[in-house]
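Trainee: What shape does this take:
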Amino acid sequence: MKRIILLLLIPIVGYSQTDHTEMIKKIYDHQLTESPVYENLRYLCKEIGPRLSGSPQAASAVEYTRQLMMDYGFDTVYLQPVMIPHWVRGQKEITRVTNSQIKGTYELNSIALGNSIGTGPEGILAEVVEVKSIEEVNKLGKAVAGKIVFYNGEMDPTKVNTFAAYGGAVVQRAYGASEAGKFGAKAVIVRSMTNRRDDIPHTGSLVYKPLMPQIPAVAISTNDADELSKLLSKQKDLKMYVETHCEMKEDVLSYNVIGEIKGSEYPKEIIAVGGHLDSWDVGDGAHDDGGGCMMSVEVGRTFIDLGIRPKRTLRVVMFMNEENGLRGGKKYAEEAKAKGEKHIAALESDSGSFGPMGFSSMGKDEQRKKVQSWAPYFRPYHVWDFERRGSGADISPLEEQGVFLMEMEPNPQKYFNYHHTEADVFEVVDKRELELGAATLTSMVYLIDQEGI
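Mentor: Here you go, the predicted model:
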């Protein structure tokens, strides 16, 4: 028994002679008893609402988060100008089967994809051809000319990591319009990016490839995709009508919002932590990525509240325009490079506000091993996974500057029930899970600040 007690006194982290257990507990206790993060998210979601890039709501969110960090006593809070795309959806989409021998004429649950051109009021009426992938379109070639291409590739349900399943399927949403357009297709319909069977269509960004024809694109719900596939198996001349009124306007000026707490020992070494302030124009943008933004603000607020003066300069960044351009993340990295800034680490939370499970990371092996050696600090809070490679989209442009990148990883199973939909509202975020996420993110930033990376 004496030997066991002695072993427990040995520092639990091999890279450090300092035991940070007490401070990590203070951070978690503070978040779980005194955090305003849930109320801050409520205000962002319910008082401001969805924050599509270029919208008045996005501008309001910029000012709200700027004032929030000023009120919390950050040393410096400033706006970083960035020109962003301004896409507008216009009036409600119409997606309709017109000649089904079984169901006649009926409407589908649909939503235009972000950045898509519109059909105009005349709409598009054409026969439908179903494919499961872009490769199938390339094999069909000119056979899709004059038709509406229906991409019905599912997210792989056997992948426990739903983000891996999403990554395997989302290419049809992102590039399907260009690939079908080059063969003369009139429009595309895409199965929503979720494993769930329901009636909610998921939007998301498409990318038009240079020098390729631009054609309209909509997503339909998974229930409608299944039903459409059944109808097509029995009727090859099935026709659909699609009408959308979206358009891309001229770029507009917006801002990344940056709050800074100056480092006391190594002020030129920067640790950035953030999320993206913009969202799609449906739902509240609560999980994607209002929660990530509010948890990141909590990192700075908690340092101030607990009297932790960081050794290194801490930056909290609200990135603008992740959803349909990544302009904010690119601008931040561009400015950092131009100014010769030294970021030692950048962290992001953009995978939802569910219970935190760990962190993915990208960097040198010794850096990843150092982070993994801190796992014992987090296990009492059921945060255990530090093995995955990866990082967030907004911080990814910093990779070429040799910055160590990390993303907080929550439980991924429910994220794509809400992602890019009208269902991503404040009410589906659990208060305790949000507070645990804020504590976990703050604790990781604290360890990097104290120990370096």
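Trainee: Spatially central residue in this structure, please.
Mentor: Computing the C-alpha centroid of the chain and ranking residues by C-alpha atoms, centre = their mean puts Asp350 first, at 4.2 Å.
Trainee: Now do the contacts for that residue.
Mentor: With contacts defined as C-beta atoms under 8 Å, 6 or more residues apart in numbering, Asp350 is in contact with Gly275, His276, Asp288, Asp289, Gly292, Glu322, Gly392, Ala393, Asp394, Glu407. No exception for glycine: its C-beta is placed from N, CA and C like everyone else's.
Trainee: Report how many residues lie close to Lys414.
Mentor: 15 (other C-beta atoms under 10 Å).
Trainee: For Lys230, see how far away the residue nearest to the centre of the chain is.
Mentor: In this structure, Asp350 lies at 36 Å from Lys230, with C-beta to C-beta, to the nearest Å as the measure.
Trainee: From the contacts of Asp350, which land in strands?
Mentor: Gly275, His276, Glu407 (DSSP state E).
Trainee: Tell me if Leu253 really is in a strand.
Mentor: Yes. When the secondary structure is assigned by DSSP: H, G, I helix; E, B strand; the rest coil, Leu253 falls within a strand.
Trainee: That one against Pro81, yeah?
Mentor: Yes. Leu253 sits in contact with Pro81 when judged by C-beta atoms under 8 Å, with a separation of 6.1 Å.
Trainee: Show me what counts as buried in the lengthiest helix in the chain.
Mentor: Taking DSSP state H as the assignment, the helix of the chain that covers the most residues is helix 431-451. Using 16 or more other C-beta atoms under 10 Å as the burial criterion, the residues of helix 431-451 that qualify are 433-449, 451.
Trainee: now swap in stretch 39-57 and tell me
Mentor: Residues of stretch 39-57 classed as buried: 40-42, 44-45, 48-55, 57 (neighbour count, 16+ other C-beta under 10 Å).
Trainee: Considering those, which is situated nearest to Pro210?
Mentor: Nearest to Pro210 among the buried residues of stretch 39-57 is Ser53, at 21.1 Å by C-beta to C-beta.
Trainee: what sits against that closest one?
Mentor: By C-beta under 8 Å, 6+ apart, the neighbours of Ser53 are Ile84, Pro85, His86, Trp87, Ser254, Asp278, Met320, Asn321, Glu323, Asn324, Gly325, Arg327.
Trainee: The fourth one looks like it's in a helix, true?
Mentor: Meaning Trp87. No. Secondary structure assignment places Trp87 outside any helix; it is strand (three-state DSSP).
Trainee: In three-state terms, label the residue nearest to it when sequence neighbours are not counted for me.
Mentor: Distances taken as C-beta to C-beta, 6 or more residues apart in numbering place Met248 nearest to Trp87, at 5.0 Å, with adjacent residues excluded. Under three-state DSSP, the three-state class of Met248 is strand.
Trainee: Give me the next element, helix or strand, following the lowest-mean-pLDDT helix or strand in the chain.
Mentor: When each helix and strand of the chain is scored by mean pLDDT, DSSP states H and E, helix 2-9 comes last, with a mean of 34. Moving toward the C-terminus from helix 2-9, the first helix or strand encountered (DSSP states H and E) is helix 21-34.
Trainee: which residues are in contact with that next one?
Mentor: Residues lying outside helix 21-34 but in contact with it, judged by C-beta under 8 Å, 6+ apart, are 12, 37, 298, 302, 305-306, 308, 377-378, 381, 432, 435-436, 438-439, 442-443, 446-447.
Trainee: ok, now with 10 Å
Mentor: Helix 21-34 is contacted from outside by 11-13, 20, 37, 295, 298-299, 301-303, 305-306, 308, 374, 376-378, 380-381, 431-432, 434-447, 450, using C-beta atoms under 10 Å, 6 or more residues apart in numbering.
Trainee: isn't the residue nearest to Trp87 right up against Ser116?
Mentor: Yes. Met248 is within contact range of Ser116, at 8.7 Å (criterion: C-beta atoms under 10 Å).
Trainee: any common contacting residues for the two?
Mentor: Trp87, Tyr208, Gln214.
Trainee: Could you pull up the contacting residues of the first one?
Mentor: Trp87 makes contacts with 52-55, 112-117, 205, 246-249, 281, 323-325, as judged by C-beta under 10 Å, 6+ apart.
Trainee: can you rerun that using 7 Å?
Mentor: When the contact criterion is C-beta atoms under 7 Å, 6 or more residues apart in numbering, the partners of Trp87 are Gly114, Asn115, Cys246, Met248, Asn324.
Trainee: now swap in the last one and tell me
Mentor: The neighbourhood of Gln214, defined by C-beta under 7 Å, 6+ apart, consists of Ile117, Gly181, Tyr208.
Trainee: that's a helix at it, yeah?
Mentor: No. Secondary structure assignment (three-state DSSP) places Gln214 in coil, not in a helix.
Trainee: Please, where are all the helices along the stretch 151-300 of the chain?
Mentor: For the stretch 151-300 of the chain, applying DSSP state H, counting those that start in this stretch gives helices covering 162-169, 171-181, 222-234, 291-305.
Trainee: winner for burial among the ones you listed?
Mentor: helix 291-305 (a mean of 27; mean count of other C-beta atoms under 10 Å).
Trainee: what's in contact with that helix?
Mentor: Outside of helix 291-305, the residues within contact range by C-beta under 7 Å, 6+ apart are 27, 30-31, 35, 37, 40-41, 44, 65, 68-69, 72-74, 259, 261, 273-275, 277, 310, 314, 316, 318, 349-350, 352-353, 429, 434, 437-438, 441-442, 445.
Trainee: again, but for stretch 236-250
Mentor: Contact partners of stretch 236-250, identified using C-beta under 7 Å, 6+ apart, comprise 85-91, 93-100, 112, 115-119, 123-128, 148, 187, 216, 218, 231-232.
Trainee: repeat for stretch 94-102
Mentor: Contacts to stretch 94-102, defined as C-beta under 7 Å, 6+ apart, come from residues 103, 105-108, 110, 123, 125, 189, 218, 220, 231, 234-235, 238-243.
Trainee: tell me which element the nearest residue to Ile448 once chain neighbours are set aside is part of?
Mentor: Counting by C-beta to C-beta, 6+ apart, Ile448 lies nearest to Ala345, which is 5.1 Å off, once chain neighbours are set aside. Ala345 is located in strand 342-348, with elements delineated by DSSP H and E.
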